[in-house]
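**Q** sequence? don't have it. structure:
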């Protein structure tokens, strides 16, 4: 990889670039702000490009930086050239550079991961390239099975939980049924949406009863299971659950007309657990 100043008219955005929706997310600065920053401080991180057969260079990483350079007329543009990339490597590079950013649109991630899967024919290989788990890769690819009207409702604000609930929706219902179910559950948090979908087992007729249960607070619980990870541990570590609240939860979990010695032991262990994690 070498750095070269390349004229603006020889730089094109690669069709393999993972990032398509440049307006997605609020965490990242806009093109105007980026252009202002480059104008004042220079281009601190050159785009990564590869040469094309017609003598141009396609931008694999740094699409927004290229647009900002065009806006302020920075010409030529310092770039890092990669001569050793085939199409699969190019998609992988663009994906790895962008895929962990909170402001990259979920559909861009989904299409990029699907493009990698089509080339690799292995979710395990895609997981290695993207540094994500196989289950996460599968979730994003499943978003592409959603009806288009639901894909259009995807955004960055829902985060991983929102992706998880919509991926489960795509796995559980299809076409008009998926739209109908989404309209019924969209008012709940992504975690509760996912719980409703899981308990429905693909039965559309079960949704109304599950929605009613959710409205009554039946699913507003903390889980320590494989489906969600141990949320209660996270809440303790991040100081969002007080010791008194924790002890109350333990009391509710072990309450009975006559507490057994094992319940007493569990409460004592729970208190010790709190102190080990959250005190000191």
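**A** Arrived safely. What you see is a predicted model, and the numbers here were worked out from it, not measured in a lab. Residues are numbered from 1 along each chain as shown.

**Q** which stretches of the stretch 101-250 of the chain form helices?
**A** 106-120, 123-130, 134-142, 148-151, 159-172, 175-185, 190-200, 207-215, 231-237, 243-254 (DSSP state H, counting those that start in this stretch).

**Q** okay, the ones you listed in TSV with mean pLDDT next?
**A** Shown next, in TSV, are these (pLDDT from 0 to 100):
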stretch	mean pLDDT
helix 106-120	86
helix 123-130	86
helix 134-142	92
helix 148-151	90
helix 159-172	86
helix 175-185	95
helix 190-200	92
helix 207-215	92
helix 231-237	57
helix 243-254	65
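
**Q** so for residue 82, which of those sits nearest?
**A** Closest approach to residue 82 among these is made by helix 123-130 (15.6 Å; CB to CB). For the C-beta atoms, the positions are set from N, CA and C on the backbone; glycine is no exception.

**Q** rewinding a little: okay, the helices of the stretch 101-250 of the chain in TSV with mean neighbour count next?
**A** Listed next are the helices of the stretch 101-250 of the chain as TSV, based on neighbours: other CB atoms under 10 Å:
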stretch	mean neighbour count
helix 106-120	21
helix 123-130	18
helix 134-142	19
helix 148-151	13
helix 159-172	20
helix 175-185	16
helix 190-200	21
helix 207-215	15
helix 231-237	16
helix 243-254	14
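
**Q** format those as a markdown table; extra columns: distance to residue 48.
**A** Putting the helices of the stretch 101-250 of the chain into a markdown table (distance: least, CB to CB, whole Å) gives the following:
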| stretch | distance to residue 48 |
| --- | --- |
| helix 106-120 | 16 |
| helix 123-130 | 16 |
| helix 134-142 | 23 |
| helix 148-151 | 29 |
| helix 159-172 | 27 |
| helix 175-185 | 38 |
| helix 190-200 | 34 |
| helix 207-215 | 46 |
| helix 231-237 | 36 |
| helix 243-254 | 48 |
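
**Q** any idea which of those helices gets closest to residue 49?
**A** So among the helices of the stretch 101-250 of the chain, helix 106-120 is nearest, using CB to CB, at 18.0 Å.

**Q** the closest one vs helix 123-130, what angle?
**A** Calculated by axes from the mean of the first three to the mean of the last three CA atoms, to 10 degrees, helix 106-120 forms an angle of 120 degrees with helix 123-130.

**Q** quickly find the element holding residue 32.
**A** helix 31-41 (DSSP states H and E).

**Q** next, the buried residues of the next helix or strand along the chain from that helix.
**A** Proceeding N to C from helix 31-41, the next assigned helix or strand is strand 48-51, under DSSP H and E. Residues 48, 49, 50 are the ones in strand 48-51 that count as buried (16 or more other CB atoms under 10 Å).
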